[in-house]
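Student: got a predicted structure here, sequence first:
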Amino acid sequence: MNFSQTLPLNIALIIMLLPLIAVGFYYIKLRNSEELWKFALEGAGDGVWDWDISNDKAYFSDRYKEMLGFNNEEVDNNIKEWNNRVHPDDAASLDQAVSDYLSGKTEKYIHEHRVICKDRSIKWVLSRGMIVKRDKHGKPLRMIGTHTDITARKLLETRLENLAHFDALANVPNRTLFNDRLKLALSYAKREKKMLAVMFIDLDLFKEINDLYGHETGDIVLKKVSRQLVSCVRESDTVARMGGDEFVILLPIIDEIEDVKLVASKIVEAVAQPIKVAKTHLHITCSIGIAVYPQHGKDEKLLVINADMAMYQAKNSGKNQAKFFEEAMLN
Ligand SMILES: Nc1nc2c(ncn2[C@@H]2O[C@H](COP(=O)(O)OP(=O)(O)OP(=O)(O)O)[C@@H](O)[C@H]2O)c(=O)[nH]1
């Protein structure tokens, strides 16, 4: 059916032009340039905020609220309410970034932080903003800005970081992260004149597990041993896998050598517990070498080398035991 044949021409024209007329009205409504930029920013997928600093009122765009799972009517345009949605661990650094910008200490306001959504899930946002109005003394009166959802990028970064620093099989830090943490702990121990300990752990006759039960079973044993090691130490300590059946543990602050002995015996005992894989109970033990800062080495390399050497002495003395490094081991 031909449209113009059934309707008078002027009505048909009006109907066809309706979308354009609607857009025209919309733009008249948006003639105020502020609304235009807000509209443009929203179109780019960012949430927009507009903060009246002097009376702490704030405008948050629909997209901003939607990002956090709220309807337009569900939240007030009140800066305090929105500040409460910032993850507690990021609140201080956000406050700092805003006050540094407002005081002129920094030239730009740009900050990445976590926000808590309506459903209590966490999102990462990139917040950017600028001062758009000052009083005659230069005091900031109004700031506008955007929030961009960067959760996907943050997740990817975390995953890449995990790949670079964690051992995927044992789910503990790898050699690289261990070395970083040892370096940090060592500089603290030097400054504060404290002791720290490095334990080098090697499973005894692990090759037999692989040979008798297969590599997959060997992997399960490594995972379970790793978990056992983690359970024997404090959260502030680091258990890492160096590769193969070798693990290291960093005890970053120790008061007495006796404390290290206790941890080592606990580990020897825990690893010797039977490990259940399918219906079989496997038995494995470990040998541990220990080097303590400052008496057994003053830098991170030497501490690890000496702990390794002490571990070989533990193996040579019958396995399933821990030994502290001694100078005599060098002969
Ligand atoms: N299942 C499994 N095995 C591994 C992995 N990485 C290394 N291995 C094996 O672990 C074994 C390590 O054996 P060694 O430490 O050399 O010797 P051991 O049998 O433990 O004997 P001692 O150290 O002298 O007590 C080797 O057979 C390696 O092939 C891994 O990721 N998974």
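Tutor: Arrived safely.
Student: quick one: end-to-end distance for stretch 115-125.
Tutor: Using C-alpha to C-alpha, to the nearest Å, one end of stretch 115-125 lies 7 Å from the other.
Student: in it, what counts as buried?
Tutor: 115, 123-125 (16 or more other C-beta atoms under 10 Å). From N, CA and C alone the C-beta is placed, and that goes for glycine too.
Student: got it, and stretch 106-113?
Tutor: Buried, per 16+ other C-beta under 10 Å, within stretch 106-113: 109, 111-113.
Student: what's opposite the closest residue to residue 324 other than its chain neighbours in the beta bridge?
Tutor: In this structure, residue 324 finds its nearest non-sequential neighbour in residue 290, 4.9 Å apart by C-beta to C-beta, 6 or more residues apart in numbering. Under DSSP bridges, the beta-bridge partners of residue 290 are residue 199, residue 324.
Student: contacting residues for residue 290?
Tutor: Neighbouring residues of residue 290 by C-beta atoms under 8 Å, 6 or more residues apart in numbering: 197-200, 260, 264, 296, 307, 310, 322-325.
Student: kindly report the same for residue 225.
Tutor: Residues in contact with residue 225 (C-beta under 8 Å, 6+ apart) are 203, 247, 271, 275, 284, 286.
Student: what does residue 242 give?
Tutor: 175, 178, 200, 248.
Student: a strand runs through it, doesn't it?
Tutor: Yes - assigned with DSSP: H, G, I helix; E, B strand; the rest coil, residue 242 falls within a strand.
Student: and the longest strand for this structure?
Tutor: strand 122-134 (DSSP state E).
Student: anything in stretch 284-298 near the ligand?
Tutor: No - for stretch 284-298, no contact with the ligand is found by C-beta under 6 Å from any ligand atom; the gap never falls below 6.9 Å.
Student: residue 288: neighbouring residues, count only.
Tutor: 26 (other C-beta atoms under 10 Å).
Student: you'd agree it is up against residue 324?
Tutor: No - when contacts are counted by C-beta atoms under 8 Å, residue 288 is not listed as touching residue 324 (9.6 Å).
Student: what is in contact with those two at once?
Tutor: By C-beta under 8 Å, 6+ apart, the residues touching both residue 288 and residue 324 are residue 310.
Student: for this protein, which residue gets nearest to the ligand?
Tutor: Here the residue of the chain nearest the ligand is residue 218; by C-beta to the nearest ligand atom that distance is 2.6 Å.
Student: helix, strand or coil for that residue?
Tutor: Reduced to three states by three-state DSSP, residue 218 is helix.
Student: thanks a lot, see you next time.
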